[in-house]
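*Asks:* Can you look at this prediction? I've put the sequence above it.
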Amino acid sequence: MSPAHPHEFIPPGSRFHALPSPFPMKRGGALHGARVAYETWGTLNAARDNAVLIVTGLSPDAHAASNADDPAPGWWEPMLGPGRPIDSDRWFVVCVNSLGSCKGSTGPASIDPATGESYRLSFPELSIEDIADAAAAVVRGLGIERLACAVGNSMGGMTALALLQRHPGIARAHVNISGSARALPFSIAVRSLQREAIRLDPNWNDGDYDDATYPESGMRIARKLGVITYRSALEWDGRFGRVRLDESAADDEDPFGLEFQVESYLEGHARRFVRRYDPNCYLYLSRSMDWFDLAEHAGGDVLAGLASIRVERALAIGASTDILFPVQQQQEVAEGLARGGAQAEFVGMDSPQGHDAFLVDFERFGPAVRDFLDRLG
């Protein structure tokens, strides 16, 4: 296994699955000695048919919830565990960290075994399909022939669809949460600006940066742009309104400094993120979403691409206020999978919290997921 790089941030409970070597990439090139980080909850039954796979959005690690190996709360803590919507007393749950990430799986921040140095921009072009293939390798490596359900949220919704399309029969059911079958122009435009902010930071230096010369300004702007799109205008107004910072918090030295509480919130959020995520990994994963389009497998027809997927049951959930992955995209997922023969449902949530609703609005999203999984039998 490759040693950890300073810009990799690996949860202490991570386990690792070695990918086949070479591991071919969709757009060319291959990885050697690559790995995928994952964590598990619950027990795989004797029939090996109670496994639920979770594939994540761009930035989360595999630590979705606390477990015996890492008792710290995970990023989806209220959704996963004993008696929770994804009930680990019933299901054997596996969460994988995306290939290309800096949270334990091989990515641009990892050491290239051929050189002993970080891959940086020598890492092969990354696609959602590569991330799906790596997740499939983990599932097979655990001795699971068929998942009970593949769950994907945000970028993970794309990954789960690619997994189902490229590995027929790998799952009986699918839950797509705030995901989509392709990137839309608005989302592509936002992510393009985020990547541009990073690349235009002089410290990015064509991907060759270190802790002393780090593209912090670019990452801050990229993260702020992302956070703005993760929530809705309704929530921004409700949480902050036009409330100004008190005089002690304002920056009198900067004539265009922070004045409003919403600005201070974004600044704090960005500063907490920038040194905890590798910029090159961010660039690679962001672009992989822009490239993804199930229609490319079906003559340009996204519904036909979805209809080529075979699952028994499916649930697509979205928030009405989501501007990054609009709720129409989850409706499209349900319609396309139904055309392929699935018993597919769409549930639109009137959550004010936009794209991030699945991470915070557990009162709405939790019961929908629990009910679907309870009916899997």
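*Replies:* Good, I have the coordinates. Residues are numbered from 1 along each chain as shown.
*Asks:* ok, which stretches of the stretch 251-377 of the chain are strands?
*Replies:* Counting by DSSP state E, counting those that start in this stretch, the stretch 251-377 of the chain has strands at residues 313-319, 343-349.
*Asks:* And the last one, what does it pack against?
*Replies:* Same thing as strand 343-349. strand 313-319, helix 327-339, helix 362-374 (3 or more C-beta pairs under 8 Å, 6 or more residues apart in numbering; DSSP states H and E). Heads up, the C-betas are built off the backbone N, CA and C, glycines and all.
*Asks:* What is the neighbour count of G83?
*Replies:* Per other C-beta atoms under 10 Å, the neighbour tally for G83 reads 9.
*Asks:* Make 894 the starting number, not 1.
*Replies:* Sounds good: first residue 894 from here, last item G976.
*Asks:* what residues are up against it?
*Replies:* D982 (C-beta atoms under 8 Å, 6 or more residues apart in numbering).
*Asks:* sec struct for it, please.
*Replies:* Secondary structure for G976, judged by DSSP: H, G, I helix; E, B strand; the rest coil, is coil.
*Asks:* any idea how far it is from V1262?
*Replies:* Separation of G976 from V1262 (C-beta to C-beta, to the nearest Å): 13 Å.
*Asks:* Kindly compare burial across the helices and strands packed on strand 1236-1242 and name the winner.
*Replies:* Of all the helices and strands packed on strand 1236-1242, strand 1206-1212 carries the top mean neighbour count, a mean of 27, counting by mean count of other C-beta atoms under 10 Å.
*Asks:* Now that strand - C-alpha only, CSV.
*Replies:* C-alpha atoms of strand 1206-1212 as CSV (Å, rounded to 0.1, in the frame of the first residue of the first chain):
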residue,chain,number,x,y,z
ARG,A,1206,-37.3,-1.3,-6.6
ALA,A,1207,-36.0,2.3,-6.5
LEU,A,1208,-36.6,5.5,-4.5
ALA,A,1209,-35.5,8.9,-5.7
ILE,A,1210,-35.7,11.7,-3.2
GLY,A,1211,-35.1,15.4,-3.6
ALA,A,1212,-35.7,18.8,-2.0
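*Asks:* give me every residue that touches A1115.
*Replies:* Contacts for A1115 (C-beta under 8 Å, 6+ apart) come out as L1086, Q1087, R1088, A1090, I1091, Y1175.
*Asks:* before we move on, the earlier item: minimum distance to L1199: which of the helices and strands packed on strand 1236-1242 has it?
*Replies:* helix 1220-1232 (2.4 Å; C-beta to C-beta).
*Asks:* Touching that closest one from outside, list them.
*Replies:* Outside helix 1220-1232, the residues within contact range by C-beta under 8 Å, 6+ apart are 1050, 1054, 1067, 1069, 1071-1074, 1077, 1187, 1195-1200, 1202, 1204, 1207-1213, 1237-1239, 1241.
*Asks:* what's the average pLDDT for that helix?
*Replies:* Mean pLDDT, computed over helix 1220-1232, is 98.
*Asks:* With stretch 972-984 instead?
*Replies:* Average pLDDT, stretch 972-984: 98.
*Asks:* What of stretch 1149-1158?
*Replies:* Computed over stretch 1149-1158, the mean pLDDT rounds to 91.
*Asks:* Skipping adjacent residues, who's closest to R928 in space?
*Replies:* F909 (4.6 Å; C-beta to C-beta, 6 or more residues apart in numbering).
*Asks:* who does the one you found bridge with?
*Replies:* Following DSSP bridges, F909 is listed with bridge partners A930.
*Asks:* So it sits against A930, correct?
*Replies:* Yes: the criterion here is C-beta atoms under 8 Å, and F909 meets it with A930 at 5.7 Å.
*Asks:* more neighbours, these two?
*Replies:* More crowded of F909 and A930, by other C-beta under 10 Å: A930, with 26 against 17.
*Asks:* For A911, see how far away that one is.
*Replies:* 11 Å.
*Asks:* Which stretches in the stretch 944-1093 of the chain count as strands?
*Replies:* 944-948, 973-974, 979-980, 985-989, 1040-1046, 1064-1070.
*Asks:* want to throw the ones you listed into TSV with distance to E1022 and mean neighbour count?
*Replies:* Output for the strands of the stretch 944-1093 of the chain, formatted as TSV (distance: least, C-beta to C-beta, whole Å; neighbours: other C-beta atoms under 10 Å):
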stretch	distance to E1022	mean neighbour count
strand 944-948	12	28
strand 973-974	26	24
strand 979-980	25	22
strand 985-989	15	26
strand 1040-1046	14	27
strand 1064-1070	16	25
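*Asks:* pLDDT score for the residue lying closest to G1233 once chain neighbours are set aside?
*Replies:* Setting aside the residues directly before and after it, G1233 is nearest to A1200 in space (C-beta to C-beta, 6+ apart), at 4.0 Å. A1200 is assigned a predicted lDDT (pLDDT) of 97.
*Asks:* what sits against E1189?
*Replies:* G1198.
*Asks:* do you know how far the nearest residue to P915 once chain neighbours are set aside is from P913?
*Replies:* Leaving aside its chain neighbours, P915 sits nearest to A923 (3.7 Å; criterion: C-beta to C-beta, 6+ apart). Applying C-beta to C-beta, the value for A923 to P913 is 10 Å.
*Asks:* now swap in W969 and tell me
*Replies:* From W969 across to P913, the span is 29 Å (C-beta to C-beta).
*Asks:* Same drill for those two, tell me which one is more crowded.
*Replies:* More crowded of W969 and P913, by other C-beta under 10 Å: W969, with 23 against 14.
*Asks:* Surely the more buried one and H956 touch.
*Replies:* No: counting by C-beta under 8 Å, W969 does not reach H956; the two are 9.2 Å apart.
*Asks:* Poorly predicted segments of the stretch 1094-1243 of the chain, please.
*Replies:* For the stretch 1094-1243 of the chain, applying pLDDT under 70 flags the ranges 1141-1145.
*Asks:* Done for today, thanks.
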